[in-house]
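Colleague: Turn this into a structure:
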Amino acid sequence: MTKQRTRAIGIVAFCSAKVRLSVALLRSKRRQWCYYEVHPVDTSTFVIHLHKSKLMPHLFRQTCFFGNLFFFALALAFAERTHADFVIYRLPGTKLVTVLEGKTKILAGRLLEYTHPTFGSMALNLDDAVIVKAPTRKEEFKRLLNQANKSKEVKDYLEAASQALKRGLLKEFYECCSLAYRIEPENPTVKRLIETRRRVKQPLGDPAAVEQNLREGTNLTKLKVEVSSHYVLLHDTSDARVGRKSRAQTRLELLETVFESFFMKFALDGIVLAPPKEHMMVLLFSEEETFQRYSTLLAPELKMAAGFWSPKDNISVFYDQGTTKQMMLMTDLVKDMQKNKLKLRGTAVSQEMAHLANSFELLVKVAREESDIEVVSHEATHQLAGNSGLMPRGIIGARWAHEGLASYFETPSGAGWGGIGAVNQTRLADYKIISRDPARRNLELIISDRLFYTAKNLGDAVEAYGQAWALTYFLMETRFDKLMVYYQKCSQFENELPASSRVKAFTEVFGDLRTLENEFNDFMALLKSDLDRIRDAAR
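Modeller: Got it, this is the predicted structure:
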């Protein structure tokens, strides 16, 4: 598909039977009509269908992930309109609904001022919004902290610390640990946390040697460099600041947050891991096209990746997710909407078009940030697992275990990284697809890695990730000690094992598969995400 500019003519079709938003577009050079349909596929996915004329009848299916979107039109009828923290917002003229977390203020003229934690304020039509009172992640944490302050029990402070880590509140996590230390400094968990914190904060050597190895190993001698406490990052991104930091600095900040959270999570649950003794290597490209050229030189199958960690070279590689074809399509659509908003000023539909354009602009910004966060936190976890002794360093011994752990750490939210162990709405939806398929829901298929190796298309592969995440989440919550024993087995793999050996290694630790599978399915049937919680509050 060539990159030609498109000009939005306006909204031409809405379909109530199949919730969708269709926008007619006229291709400027060839005068060829086409239109885009935006379909909600599940609780967190838009599918963009590009329909062309009979001369070019191909259907392109593009997927764009919006991490905090879900669709429930009935909520508009039952929610109470009060000042609160979540806005259920219906895109004007559609039945497309999204949930936004942030601050709200009622303005004159039936307008609602909504302030996103990262992307600033915008005015929404109050008639298209429902404000729901539901506790935010920080409020839920504060409730636990208040309980601990009343009881003065170490176990309550550690529970509050665990919830803070789950919600991406690293500063609050450390505050809880300090309070627990003041009460019982010799508590075994407190001592593990202190030792892990000491190891994590241990200064590393001069990053210059790591930078030189990274440049020589990749032949990318002209890229710029940014250095943090534990990472050396080569990049070609702009030095322009988004807020107070450049894009490279923002990515390093996220990497450092994942780094600390990774080691503190395992310390909290009973394991003190050894941090890497030298800076880890990262590449960040500004364009998807540049990333693809580089990655296909390493392995052709990496062309379709959104990012990767190379065990052989020990390098994590990313690109700016805002440059994907899907995201650029959405960005162009927003630009066209904004132009039409100005053209339609003073007409009967000007206000509706303005609200629609502003809403789409916010959703695209959120989607871009979440895509970056999800990919970076996922691949950073692969790299940490391979450099801390938790997993094999040079191979992927059990793919489901590697991908499940990385998915466990990747949970993004509308305001930034969602923390460790928060229920991942997207992965949960992928798991549910497999759980309804008798041919693929057998536990042996995932622990043998056959779900990955027999995937016929990208959709099958994504669903395998969902199953790996679900099993990891279940084992982390119910059998952490046994899971660590299994990871230790994986760390001793010297070569890729056949499927039967992977199953044997798993059952030696966890026992009878049928019993475990029944417990797993029962556990997952009751699992709710943060979005489910908000939906329940809106009813």
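
Colleague: C-alpha only now, for contacts and for neighbours.
Modeller: Fine.

Colleague: Against residue 196, how distant is residue 421?
Modeller: Residue 421 sits 19 Å away from residue 196, going by C-alpha to C-alpha, to the nearest Å.

Colleague: Quick check, residue 469 in contact with residue 405.
Modeller: Yes - applying C-alpha atoms under 8 Å as the test, residue 469 and residue 405 come out as touching, 6.9 Å apart.

Colleague: Where does residue 239 sit, in terms of helix or strand?
Modeller: Counting by DSSP states H and E, no helix or strand carries residue 239.

Colleague: just checking, it touches residue 249?
Modeller: No - the pair residue 239 / residue 249 is not scored as a contact, 9.1 Å apart, by C-alpha under 8 Å.

Colleague: helix/strand/coil for the residue nearest to residue 187 when sequence neighbours are not counted?
Modeller: Among residues not flanking residue 187 along the chain, residue 181 sits closest, at 7.8 Å (C-alpha to C-alpha, 6 or more residues apart in numbering). Of the three states, residue 181 takes helix under DSSP: H, G, I helix; E, B strand; the rest coil.

Colleague: For residue 181, give its distance to residue 113.
Modeller: In this view, residue 181 and residue 113 are 43 Å apart by C-alpha to C-alpha.

Colleague: Tell me which of those two has more neighbours.
Modeller: Remark: of residue 181 and residue 113, residue 181 carries more neighbours, 19 against 16, as counted by other C-alpha atoms under 10 Å.

Colleague: The more buried one reaches residue 189, doesn't it?
Modeller: No - using C-alpha under 8 Å, residue 181 is not in contact with residue 189; the gap is 9.7 Å.

Colleague: can you list the domains in the chain?
Modeller: 6-64, 137-186, 204-389, 391-539 (automatic domain parsing).

Colleague: and those, which one's lowest on average pLDDT?
Modeller: For these, mean pLDDT drops lowest on domain 6-64, to a mean of 29.

Colleague: Which stretches in the stretch 401-539 of the chain count as helices?
Modeller: Counting by DSSP state H, counting those that start in this stretch, one finds helices in the stretch 401-539 of the chain at the ranges 425-435, 443-447, 450-453, 458-478, 480-491, 499-510, 513-525, 530-538.

Colleague: if we can go back for a sec, compare residue 469 and residue 405 and say which is more crowded by neighbours.
Modeller: Between residue 469 and residue 405, counting by other C-alpha under 10 Å, residue 469 is the more crowded of the two (28 against 23).

Colleague: any idea how far residue 359 is from residue 466?
Modeller: Going from residue 359 to residue 466 by C-alpha to C-alpha gives 29 Å.

Colleague: next one: residue 280
Modeller: Applying C-alpha to C-alpha to residue 280 and residue 466 gives a distance of 28 Å.

Colleague: of those two, who's got more company?
Modeller: More crowded of residue 280 and residue 466, by other C-alpha under 10 Å: residue 466, with 27 against 23.

Colleague: Skipping its backbone neighbours, what lies nearest the residue most central in space within the chain in space?
Modeller: With distances taken as C-alpha atoms, centre = their mean, residue 374 lies nearest the centre of the chain, 3.1 Å away. Spatial nearest neighbour of residue 374, excluding adjacent residues (C-alpha to C-alpha, 6+ apart): residue 410 at 5.1 Å.

Colleague: Residue 287 now?
Modeller: Closest to residue 287 by C-alpha to C-alpha, 6+ apart is residue 323, at 5.6 Å.

Colleague: Over the helix or strand hosting residue 89, what's the mean pLDDT, rounded is fine.
Modeller: Under the criterion of DSSP H and E, residue 89 resides in strand 86-90. On average, the pLDDT along strand 86-90 is 77.

Colleague: same deal with stretch 106-123?
Modeller: 80.

Colleague: what's the span of that stretch from first residue to last?
Modeller: Using C-alpha to C-alpha, the span of stretch 106-123 from its first residue to its last is 10 Å.

Colleague: Pull out the buried positions in it.
Modeller: 111-116, 122-123 (16 or more other C-alpha atoms under 10 Å).

Colleague: Name the residues that touch it?
Modeller: Applying C-alpha atoms under 8 Å, 6 or more residues apart in numbering, the external contacts of stretch 106-123 come out as 100-105, 124-127, 355, 358, 362, 365-366, 415.

Colleague: Of the residues you listed, just say which sits nearest to residue 285.
Modeller: Distance to residue 285, by C-alpha to C-alpha, is smallest for residue 365 among those, at 18.9 Å.

Colleague: Doesn't the closest one belong to a helix?
Modeller: Yes - counting by three-state DSSP, residue 365 is located in a helix.

Colleague: so who does it touch?
Modeller: residue 119.

Colleague: Any figure for the gap between it and residue 236?
Modeller: Counting by C-alpha to C-alpha, the gap from residue 365 to residue 236 is 21 Å.

Colleague: SS state for residue 281?
Modeller: strand.

Colleague: is it in a bridge, and if so with what?
Modeller: On DSSP bridges, the residues paired with residue 281 through beta bridges are residue 232, residue 315.

Colleague: didn't it look like it was pressed against residue 232?
Modeller: Yes - contact status for residue 281 versus residue 232: in contact at 5.2 Å, counting by C-alpha under 8 Å.

Colleague: Identify the contacts common to the two.
Modeller: Common neighbours of residue 281 and residue 232 (C-alpha under 8 Å, 6+ apart) are 210-211.

Colleague: May I have the phi/psi pair for residue 226?
Modeller: Torsion angles at residue 226 (phi, psi; degrees, to the nearest 10) stand at phi -130, psi 140.

Colleague: Now it: closest residue in space, sequence neighbours ignored.
Modeller: residue 233 (5.2 Å).

Colleague: what's the distance between the one you found and residue 214?
Modeller: From residue 233 across to residue 214, the span is 9 Å (C-alpha to C-alpha).

Colleague: more neighbours, these two?
Modeller: Comparing residue 233 with residue 214 by other C-alpha under 10 Å, the one with more neighbours is residue 233, at 26 against 23.

Colleague: Go ahead and confirm the more buried one touches residue 223.
Modeller: No - Residue 233 lies out of contact with residue 223 (C-alpha under 8 Å); the separation is 9.4 Å.

Colleague: so what secondary structure elements neighbour the helix or strand harbouring residue 191?
Modeller: Assessed by DSSP H and E, residue 191 sits inside helix 188-200. Where contact means 3 or more C-alpha pairs under 8 Å, 6 or more residues apart in numbering; DSSP states H and E, helix 188-200 is packed against helix 170-183, helix 247-269.
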